[in-house]
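Participant: What follows is a protein structure lacking sequence information:
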């Protein structure tokens, strides 16, 4: 449940990456957005893996990607505009999964969740993607769960966000009201949560 923008495509030429980075840095600075420029050597072989430790999971090794990541709103995920040596849009975890054979190329979609950020931040991402399709990524495909990519309808986007946030609030309230007269097992808790969610679906 939420509003997410899914996207995929390939930059027209690898030589355009530097120009794209420069343009987007200017935009980020003018909009006061946080960003990070990535310039991993595309000619250096992939040599990376996910390493699990007591501090969580981290990436070890070299992943050949260049581009930029952008944070349009503190409550949004970052927009990843990174490219591999085959010109494809990608990110670090996606590249690892592909090299481990855990991800088929046809499912190589990136995404950015925006439901908790400002509506204007969602709109800014869509406008930025439209600009990139026109100037850098001719085959860019976008699926916008907020519908703004297709319609440019801000009111409809706000309506969908309001509806989803309301539903999420209802789910949170329903889950908080779950009570047991004993210490539940994990299985009992999961079964009760499943019952609550199914009952809410029936009331739609």
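Facilitator: Received, thanks. Note that the coordinates shown come from a computational prediction; the quantities given were computed from them, not determined experimentally.
Participant: per-residue confidence at residue 181?
Facilitator: pLDDT recorded at residue 181 is 74.
Participant: What about it, how many residues nearby?
Facilitator: Using other Cβ atoms under 10 Å, residue 181 has 5 neighbouring residues. Quick note: C-beta positions are derived from backbone N, CA and C, even for glycine.
Participant: Next: the one 10 residues further on.
Facilitator: Applying the criterion other Cβ under 10 Å, we find 12 residues in the vicinity of residue 191.
Participant: Residue 113 now?
Facilitator: Using other Cβ under 10 Å, residue 113 has 15 other residues around it.
Participant: Enumerate every residue touching it.
Facilitator: Shown in contact with residue 113 (Cβ atoms under 8 Å, 6 or more residues apart in numbering): 2-4, 76-77.
Participant: Only the buried members of these: can you turn that into a PyMOL selection?
Facilitator: In PyMOL, this line selects whichever of the contacts of residue 113 come out buried by 16 or more other Cβ atoms under 10 Å:
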select buried, resi 3+76+77
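Participant: where along the chain do the helices fall?
Facilitator: Assigned by DSSP state H, the helices in the chain fall at 17-31, 92-99, 119-135, 148-151, 154-176, 186-202.
Participant: Can you spell out which helices and strands pack onto the first one?
Facilitator: The one in question is helix 17-31. Helix 17-31 sits against strand 34-39, strand 66-71, strand 79-83, helix 119-135, with contacts defined as 3 or more Cβ pairs under 8 Å, 6 or more residues apart in numbering; DSSP states H and E.
Participant: I'd like the ones you listed as CSV, with distance to residue 188 appended.
Facilitator: Formatted as CSV, these follow (distance: least, Cβ to Cβ, whole Å):
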stretch, distance to residue 188
strand 34-39, 43
strand 66-71, 40
strand 79-83, 39
helix 119-135, 39
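Participant: any idea which of those is most buried?
Facilitator: Among the helices and strands packed on helix 17-31, strand 79-83 has the highest mean neighbour count (mean count of other Cβ atoms under 10 Å), at a mean of 23.
Participant: List the pairing partners of that strand within its sheet, with orientation.
Facilitator: Its sheet considered, strand 79-83 pairs with strand 66-71 (antiparallel), strand 89-90 (antiparallel) by DSSP bridges.
Participant: quick one: it to chain centroid distance?
Facilitator: Relative to its parent chain, strand 79-83 has a centroid offset of 10 Å by Cα atoms, centre = their mean, to the nearest Å.
Participant: repeat for stretch 145-164
Facilitator: Remark: stretch 145-164 is offset 17 Å from the chain centroid, using Cα atoms, centre = their mean.
Participant: can you check stretch 113-128 too?
Facilitator: So, by Cα atoms, centre = their mean, the centroid of stretch 113-128 is 11 Å from its chain's centroid.
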